[in-house]
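> Any chance you can model this:
(2 chains)
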Amino acid sequence: MSVTRRNVMKGFGVGASAAAIMSFDGPRSIARAMSMALPVQERPLLLHNNENPLGPGDVVTWAMNEAMESGLGSKYGLPSRQTIQAIADTQGIPADHLMLGNGSTQILRSLTHVFTSPTRHLVTASPSFETMPEYAEIIGHPVESLALDDNLRIDLDATADAAKGAGIVFFCNPNNPTATLHRADAVGAFIDRVLSETDAMILVDEAYHDYVTDPGHVTQIPRALESDRVIVSRTFSKAHGMAGMRMGWLVAQPDVVSKIRAWHYGGTLNAPALLGAKASIEDPGRIEREAVRNTAVREFTLNWFTSRGFETTDAQTNFIFVKTGMPASEFRQSCADQNILVGRDFPPYQEEWMRISLGTMDEMERAVRVFGRILPASAGRPQRGAEVAA
Amino acid sequence: MSLSRRALFAREPRSSANLKQLISARGREALIAELGELGGEAGLIPAPQNGEIRLTSNENPLGPFPASMAAIHDGFAGAGRYPSNAQPNTSDLTQAIADRMGCSTDNIVLGAGSGELLKTAAQAFTGPNRHLVTASPSYLQTQRVAAYLGAEVKAVAITADGMLDLDAMAEAARGAGLIFFCNPNNPTGTVHTAADVRSFVETVQRTSPETVIHLDEAYHEYVTHPHYESAAGMATEMENVFVSRTFSKCFGMAGMRIGYGIGSGRTIETLQALALGQNIAVPTVAGAYVALQDPGREVQERERNTEARSYTIDFFDGIGYDVMASQTNFIFVDIGRPAAGFRSACREHGVGVGRDFPPMEQTHARISIGTLDEMQRACRVFKEVLA
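Take a look at the predicted model:
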């Protein structure tokens, strides 16, 4: 546990007081008292998990409150079909091509379970989102991880080569943690190659799709509708601001969905999340506004680094990948000392590169002042961060 | 991850023949409905109907505890952050459960409903060469996952008085990967005493020491039998015993999806390795955390249920129908006719009752216990329907 985390926890001594408060002040005040009792120090700035700093917003929160008021919090028979139908209607996808999961994590695990085996490996990039290779290792299925290209993008040719004999290819676009994107023409050619030269499945993980501004990007959902070997995954954890509610979805042909569902356990979804997700996807205006907000913050933050000579990738996400020139562990500890949490190590880039999630504009203005104290005034100059850390 | 752990999970390739068998036996639609987005047993449960007295699914009719409800509402404000970043977070909840159980956090694993844990237990401990032993009828989820994985399922018939046939189950367990022991059992509602459970565990450990015994205690909080005791203490001491609990029943949080497991050694490490990370929603963590701080409310809910249960059992006794000795928030009644007809007749009168429980669906109905007021109204309907 990090020092910062421990500090936060120290302030968390609610247990006994909550029951005492309830006895004379009614239940509503308990949670209020809890949040008052919680942090002894100011909560750290959370720039480490690629969350939407604004959260779910009023429309979604209202729908989740409504789910509770209507009694669904205590009932089985979850309203999953309503959520599926809302995604189908708003995205133009037949409902039988959709499946939900406990975040995209559960979806990625189920796909790994169903489409890899001791003799059919998983293909992934390194670094990329780790859920699939982690789970493959747990169940003892082989993984082939491919290095990124010189521009920190997924190496499409090498990935297609490695797909021969594979069970499934994981293709995260834009990629986490490097924030890099492959455009529609390159993705199309890559998928064509995997489909024609191998018999592997392809999962295109579009967790950050809503944040992409590159005009050359398109979703691969149409491809998943027409091919029984292409699957697209999405999540409500990013632009929709619902990471804490655990809701993701995938698109695949009905036979593929059936095959996954035979293993996938759908009882992990909670009622308010299902109705919150429905409300969120029926409100595309909020997601557009969130993308505009994020883009402005991203430009501000990228500009802060590049104007000081620090290399960054062309971020298409709600986080950036930047070459600070110092070990990630050192930069992370220096930030933590100043109450900011930033990304973890992403081998093999952990000696020089850092992933920083984007908060609000106000938060990033505060954050870059801290980064300025940790990093040299410009890249390549002798570092003065060591004093600060000490 | 250690090599031994990896080896533990290495398994033979799953035969797709098994899946095809399931599909052909029950139909693709049935398979999807049952194992699909509603998950396991929940796939058979109807969505709530307006105005209906809902005695279908063994839920707490009062919903989450008031303090939980408040914490859940307030928890939505933090819904943009992953559960590890919430306050309280999943570590805080695990600590609170460990404190309550008097064990270490290493003994606890959280699940998105105990259903997730039932699935991972079947995944970890059954397979083509490691069969499952369960009772018939009992909760089906473990059995379905085991069947998917190509494991043989030995479902041992219950005794005439609705108890699990523990001698026959122990006999069937020789060489088994896993025993699923639902105590109290669903749908019969019957419970085995602490002495029975201990003697069963000792027998199995002697005759089949590698077999993992999974005691599902979903209805633990509702038990009033003086000789019942949770197996949680055994689970923290014996490596091959694992207990699951849920917030879906007494705590009224079925729609929020949270359960937990208690175990020790390699068994709990295996289940922790297989558990989904970040799987419990932020408001769910908050609601469960607060519920644990209020044991008095739990007692109150048990007493409320006991009164409504006694009323309902007395009613059936009074009109001459046998009820199994229920220790849960549902009863299993010998109505002497098919459950399907009884169910649809009740539904016409605005009362929903439980699904079919083969092989007893021709004679027995499962009825969940609602509030006393609901049960008084429902019993008038039962009287009319059974007349």
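
> Could you tell me how many residues sit around B:T90?
A count of neighbours around B:T90, defined by other CB atoms under 10 Å in any protein chain shown, yields 22. Just so you know, the C-beta spots here come from the backbone N, C-alpha and C atoms, and that holds for glycine as well.

> sorry, that was for B:V153
Counted with other CB under 10 Å, the burial measure for B:V153 works out to 17 neighbours.

> which sections of the chain are below the confidence cut-off?
You didn't say which chain, so I picked chain A. Within chain A, the stretches with pLDDT under 70 are A:1-41, A:380-390.

> my question was about chain B
For chain B, counting by pLDDT under 70, the residues that fall below are B:1-49.

> care to break it down by domain?
For chain B, automatic domain parsing gives the domain ranges B:48-62+B:296-386, B:66-293.

> Stretch B:218-237: which residues count as buried?
By 16 or more other CB atoms under 10 Å in any protein chain shown, the buried positions in stretch B:218-237 come out as B:218-223, B:228-236.

> now do stretch A:351-361
Under the neighbour-count criterion of 16+ other CB under 10 Å, stretch A:351-361 has A:W353, A:M354, A:R355, A:I356, A:S357, A:L358, A:G359 buried.

> give the contact list for the third one.
A:R355 sits next to A:P177, A:A179, A:F319, A:I320, A:F321, A:V342, A:G343, A:R344, A:F346 when contact means CB atoms under 8 Å, 6 or more residues apart in numbering or on different chains.

> Now restrict these to buried residues only.
The neighbour-count test (16+ other CB under 10 Å) applied to the contacts of A:R355 identifies A:P177, A:A179, A:F319, A:I320, A:F321, A:V342, A:G343, A:F346 as buried.

> Pretty sure the fourth one sits in a helix.
No. Counting by DSSP: H, G, I helix; E, B strand; the rest coil, A:I320 falls outside a helix, being strand.

> For it, give me its contacts.
Listed by CB under 8 Å, 6+ apart, the contact set of A:I320 reads A:A179, A:R298, A:T301, A:L302, A:F305, A:T312, A:T313, A:R355, A:I356, A:L358.

> from the residues you listed, which is closest to chain B?
Proximity of the contacts of A:I320 to chain B, judged by CB to the nearest CB, is greatest for A:L358, which lies at 13.1 Å.

> hang on, the earlier thing: and which of the contacts of A:R355 is nearest chain B?
Comparing those against chain B with CB to the nearest CB picks out A:R344 as the nearest, at 12.4 Å.

> Quick one: residues contacting that closest one.
A:H48, A:A328, A:R332, A:R355.

> quick one: which of those sit in helices?
Secondary-structure check on these using DSSP state H: residues within helices are A:A328, A:R332.

> between the contacts of A:R344, which is closest to A:P215?
Within those, proximity to A:P215 (CB to CB) peaks at A:R355, which comes in at 24.7 Å.

> List the residues that contact the spatially closest residue to the closest one that is not a sequence neighbour.
Once flanking residues are discounted, A:R355 sits nearest to A:G343: 3.1 Å by CB to CB, 6 or more residues apart in numbering or on different chains. Under the criterion of CB under 8 Å, 6+ apart, the contact list for A:G343 reads A:L47, A:H48, A:P177, A:F319, A:A328, A:R332, A:M354, A:R355, A:I356, A:S357.
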